[in-house]
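[1] quick one, structure for this:
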Amino acid sequence: MVSVTLSQFRNQQSDYIAIAQREPVEITSRGAGRRAVVVSPEFYDRVVAALKDVADARAAAEARAEQEPRVSHEDLRRELGI
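    Numbers count the residues shown, from 1 in each chain. Purely as a prediction, here's the structure:
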């Protein structure tokens, strides 16, 4: 990961955005340390999709772990009249 100061990023913004298409660019600030990370849109989309997949997997695991009584397929069809 490339690391630059905020002032470096301001002075060469287009260069660092071009670099971010290949690898993340970390923007730092003297008093605050790490301020931001610039990434390509494709990288961002992949990360968001992966986080959604993790959330879905957790929700599915929690649903399987529930101890509530289960309804059989036959009972559900009978209840719905199909």
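
[2] for this protein, which segments count as helices?
    Under the criterion DSSP state H, the chain carries helices at the ranges 6-11, 13-20, 41-65, 73-80.

[3] the longest one: which residues count as buried?
    To tie it back to what came earlier, the one meant is helix 41-65. residue 43 (16 or more other Cβ atoms under 10 Å). Yep, even glycine has a C-beta here, placed from its N, CA and C like the rest.

[4] off-centre distance for it?
    A distance of 8 Å separates the C-alpha centroid of helix 41-65 from that of its chain, computed with Cα atoms, centre = their mean, to the nearest Å.

[5] over to the first one?
    With Cα atoms, centre = their mean as the basis, helix 6-11 stands 26 Å off its chain's centre.

[6] for residue 36, see how far away the residue nearest to the spatial centre of the chain is.
    When Cα atoms, centre = their mean is applied to the chain, the residue found nearest the centroid is residue 48 (3.0 Å). For residue 48, the distance to residue 36 under the criterion Cβ to Cβ, to the nearest Å works out to 17 Å.

[7] with residue 81 instead?
    Distance from residue 81 to residue 36, by Cβ to Cβ: 57 Å.
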